[in-house]
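S.K.: got a predicted structure plus its sequence, pasted below:
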Amino acid sequence: MDLLAVVNIREIDFIRVNVRDVIFMPSLDAPADQPFPFVYLISIENTGEEAATIVGRKWVVSEHEGSVTVVEGDGIVGETPRLEPGGVFAYNSYHTIGKDSTASGAYFARLDSGELVCVRIPEFTMKVPDFA
C-alpha cells in the first residue's frame with residue numbers, strides 16, 4: 001500500500017493509541033550515526049462498534065536539530081492485526097536516533113464496511129540520557 005498516495009482519509013477516534021512506555025535501551029544494536037536505541041511499547045484499542053484491521057503505518061521522527069525521518073509501510077511489526085470491538089493489540093518496536101527526537105504518526109485501518117480510515121499516534125519524546 002502506497003500510504004503517500006492515500007488522500008482524504010477520515011480520522012476516527014474510536015480506535016485509541018496509547019504509548020505506554022519509551023525506554024532507552026543501550027544494549028540494542030545501533031548504527032554509528034544513530035547510536036541511541038529506544039524501545040517503545042504501544043497498545044491500540046478499539047472502543048467502537050465496528051471491527052477494523054490495521055493495514056499500515058506512517059511514523060515521522062524529528063530530531064531536535066532539524067533532520068526528519070519518515071518510516072512507512074504495510075501492517076505493524078509484520079502483522080495486520082484485526083481489532084474487534086473492545087479488542088486490544090499491543091506491541092513493542094524500536095528506533096535509533098542520533099540526538100533527542102520526537103516521534104508521531106498515524107495507523108491506517110480498514111473498517112469492516114470497507115472504508116479506509118486513520119488513527120493518530122500521539123507524539124512522544126526520545127531523550128538521550130546525559131550519561132550516554
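M.R.: Here it is on my side, so go on.
S.K.: surely residue 111 meets residue 51?
M.R.: Yes: judged on Cβ atoms under 8 Å, residue 111 makes contact with residue 51 at a distance of 7.4 Å. The way it works is simple: take the backbone N, C-alpha and C, and place the C-beta from them, glycine included.
S.K.: residue 92 and residue 11: what is the separation?
M.R.: 25 Å (Cβ to Cβ, to the nearest Å).
S.K.: now do the strands in the chain.
M.R.: With DSSP state E as the criterion, the chain has strands at 10-11, 15-24, 36-46, 52-63, 68-74, 82-83, 88-97, 101-111, 116-126.
S.K.: okay, those in a markdown table with distance to residue 30 and mean pLDDT next?
M.R.: Below are the strands of the chain laid out as a markdown table (distance: least, Cβ to Cβ, whole Å; pLDDT from 0 to 100):
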| stretch | distance to residue 30 | mean pLDDT |
| --- | --- | --- |
| strand 10-11 | 33 | 94 |
| strand 15-24 | 11 | 97 |
| strand 36-46 | 5 | 98 |
| strand 52-63 | 14 | 96 |
| strand 68-74 | 14 | 94 |
| strand 82-83 | 32 | 98 |
| strand 88-97 | 4 | 96 |
| strand 101-111 | 13 | 97 |
| strand 116-126 | 12 | 96 |
